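>>> can't give you the sequence, but here's the structure:
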């Protein structure tokens, strides 16, 4: 059990992380090996999204300091311990967490609703709204920005390429 001083240090660390974050992603780390959790923390830290394992009650205090209600976060719905990923970029944090948990679940029985992913939801600090689990997982499944832009460019170029092909065939006939 942590002392009052340790809890206040945790709260201070959480406040600093909260100030520099755009969103908080909540993940379930129960039944995850310590070595795997260390790998997840390293991956998240590389993308600029530190993870803090904090009690739900202390996380509630952090959010109350900011004026957000505990009920709005729906933390009481979560039966397990919660890890808070303080995301400077929600897309990169959700993507890293999704890939990590998807990799862990290979070969195990997977819940068809969540796909084995232990992302519980999140809170968008800029919009001040709760992010439900389904939306957080959807964001995690999205490909990186560069790939999406390449796909968009391909979709835009396809009709032009087809039209040029038709013109080329017409020119060869004449």
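Great, that's in hand. These numbers come from a predicted model, not from an experiment.

>>> element containing the residue most central in space within the chain, please.
Against the mean C-alpha coordinate of the chain, by Cα atoms, centre = their mean, the closest residue is residue 94 at 1.8 Å. Using DSSP states H and E, residue 94 sits in helix 90-104.

>>> by contact count, what packs against the helix or strand that that helix is followed by?
Per DSSP H and E, the first helix or strand lying C-terminal to helix 90-104 is strand 119-124. Strand 119-124 sits against strand 23-27, helix 90-104, strand 129-131, helix 133-141, with contacts defined as 3 or more Cβ pairs under 8 Å, 6 or more residues apart in numbering; DSSP states H and E. (Glycine included, C-beta is placed from N, CA and C.)

>>> touching strand 119-124 from outside, list them.
22-28, 63, 68, 73-74, 78, 82, 87, 90, 94, 97-98, 101, 129-133, 136-137, 140 (Cβ atoms under 8 Å, 6 or more residues apart in numbering).

>>> excluding its backbone neighbours, what's nearest residue 66?
In space, and not counting its chain neighbours, residue 66 is closest to residue 18: 7.0 Å by Cβ to Cβ, 6 or more residues apart in numbering.

>>> state the distance from residue 6 to residue 55.
Residue 6 sits 11 Å away from residue 55, going by Cβ to Cβ, to the nearest Å.

>>> tally of neighbours for residue 100?
22 (other Cβ atoms under 10 Å).

>>> need the pLDDT of it.
You'll see residue 100 listed with a pLDDT of 86.
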